[in-house]
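*Asks:* Predicted model, plus sequence, below.
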Amino acid sequence: MIRAPQVRLIGPEGENIGVVDIQEALKIAQEAELDLVEVAPNANPPVCRVMDVGKFLYERTKKEKEARKAQVKVEIKEIRLRPKTNEHHRSFKVRDARRWLESGMKVKVTVRFRGREITYPELALNDLKEVAEELAEVGVVEQKPNMEGRVMTMLIAPLKEVKKKGSSKPENQAN
């Protein structure tokens with residue numbers, strides 16, 4: 001419900017009609033068989049537009065759906081370690097992390113402390129630095145190692161020039 005006595009009116013074709021009485025604006029909207037919609041209620045005088053509300057809402061939801069489709073969801077994978085994780089097991093997990101980074105996913109590296117292991121956080125820090133060095137050619141450290149309770153975490157993001165499968169076609173066509 002528009003309560004202002006006068007409004008700034010925008011016509012059905014988008015043209016600026018100017019400041020008119022509310023009765024005249026309603027009459028113009030009725031003649032065009034459209035609705036009178038208050039666009040900017042806080043303006044002085046309020047701005048109203050003559051338009052089809054149903055069509056407007058339909059187009060807006062359609063645009064929102066398209067925007068959601070185009071949105072890229074970044075998946076975060078996690079590898080969990082312990083300060084006592086040996087070199088061999090860590091290499092398995094780093095190999096998985098490398099594969100995930102190459103496919104464009106982020107990797108969260110977590111070191112969980114149990115019992116008295118918490119007194120040696122430098123062991124976990126060294127492990128995380130080694131993991132970051134091993135993954136340096138495919139990823140970059142987005143979040144430096146930090147402690148949260150009994151867990152030390154680090155986030156590694158893929159490098160920008162991630163090659164997708166089948167991207168070598170232009171080289172083959174040059175031959």
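*Replies:* Looks like it arrived, so ask away.

*Asks:* CA atoms for contacts and neighbours, from now on please.
*Replies:* Noted.

*Asks:* would you put the C-alpha positions of the longest strand along the chain in PDB?
*Replies:* Counting residues, the longest strand in the chain under DSSP state E turns out to be strand 139-148. Included here for strand 139-148 are C-alpha records, laid out as PDB according to Å, rounded to 0.1, in the frame of the first residue of the first chain:
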ATOM      1  CA  GLY A 139      49.200 -25.700  -4.300                       C
ATOM      2  CA  VAL A 140      49.700 -22.600  -2.200                       C
ATOM      3  CA  VAL A 141      49.200 -22.200   1.600                       C
ATOM      4  CA  GLU A 142      46.000 -20.200   2.000                       C
ATOM      5  CA  GLN A 143      45.900 -20.300   5.700                       C
ATOM      6  CA  LYS A 144      49.000 -20.700   7.800                       C
ATOM      7  CA  PRO A 145      49.200 -23.400  10.500                       C
ATOM      8  CA  ASN A 146      47.300 -22.400  13.600                       C
ATOM      9  CA  MET A 147      46.400 -24.200  16.800                       C
ATOM     10  CA  GLU A 148      42.700 -24.600  17.900                       C
END
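
*Asks:* What are the structural domain limits within this structure?
*Replies:* Domain assignment of the chain by automatic domain parsing yields the ranges 1-52, 76-158.

*Asks:* Report all helices and strands that the longest strand of the chain contacts.
*Replies:* Contact here means 3 or more C-alpha pairs under 8 Å, 6 or more residues apart in numbering; DSSP states H and E; on that basis strand 139-148 packs against helix 121-134, strand 151-158.
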